[in-house]
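Student: Sharing a model prediction with you, sequence too.
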Amino acid sequence: MNHKPNTRGTWIYLENEFLGQRESRALLSAEFHTAKQGSASITDFCRRLETMAATLNDFGDPIGDRTLVLTLLRGLNGKFRPMVSNLKMRQPFPTSEEARTLLLLEEIDIDDVDASEAAGASDPPPSSTTTALITAPRPPAGRSYIGQGQGHAGHDQGA
């Protein structure tokens, strides 16, 4: 048996290796561009996108910082919708590090509000009736305001 690699065998090996990488790159690129945050934290979602971008770079398909930010914004949960609009309008356009920092701060605020609402859920609901205390000057001795002007017997009407 001949164990020497020949030119044809080497070419077939390299071609298969390249085609395998090209398919992997295409799948990873599609996954990167359609990534969604789901229930992941901002930190975990950013780390996942950065890992995919680095792998695509290794495959010879570099991902620019602007593309990374746009992919991040496109994949965020609905609770970040106001922040997405804000970041897209910033001039100059934010870097991935700036976007990540601002989103982390927003996530902290959202988590604080959620925690406050969860704590408030265990409190009894506020009463639907309103009570007011009204004070009036005391009537002079021997005189009463009760029923005044209503036509009841024994009371002055319009004095």
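Tutor: Okay, I see it.
Student: Going by C-alpha atoms from here, please, whenever you check contacts or count neighbours.
Tutor: Noted.
Student: May I have the phi/psi pair for residue 77?
Tutor: Main-chain dihedrals, residue 77, degrees, to the nearest 10: phi -60, psi 160.
Student: How about it, nearest residue that isn't a chain neighbour?
Tutor: residue 37 (6.1 Å; Cα to Cα, 6 or more residues apart in numbering).
Student: and the one you found, which of the three is it?
Tutor: coil (DSSP: H, G, I helix; E, B strand; the rest coil).
Student: same deal with residue 94?
Tutor: coil.
Student: ok, and the closest non-adjacent residue to it?
Tutor: residue 87 (6.9 Å).
Student: downstream neighbour of the lowest-mean-pLDDT helix or strand in the chain in the secondary structure list?
Tutor: Within the chain, no helix or strand scores below helix 7-33, which has a mean of 75 by mean pLDDT, DSSP states H and E. Per DSSP states H and E, the first helix or strand lying C-terminal to helix 7-33 is helix 42-58.
Student: Check which helices and strands the helix or strand just after that next one sits against.
Tutor: The helix or strand immediately downstream of helix 42-58 is helix 65-75, counting by DSSP H and E. Helices and strands touching helix 65-75, by 3 or more Cα pairs under 8 Å, 6 or more residues apart in numbering; DSSP states H and E, are helix 42-58, helix 96-120.
Student: Please work out the angle formed by the directions of helix 65-75 and helix 42-58.
Tutor: Calculated by axes from the mean of the first three to the mean of the last three Cα atoms, to 10 degrees, helix 65-75 forms an angle of 140 degrees with helix 42-58.
Student: And helix 65-75, what's buried?
Tutor: For helix 65-75, a neighbour-count test (16 or more other Cα atoms under 10 Å) marks 68-75 as buried.
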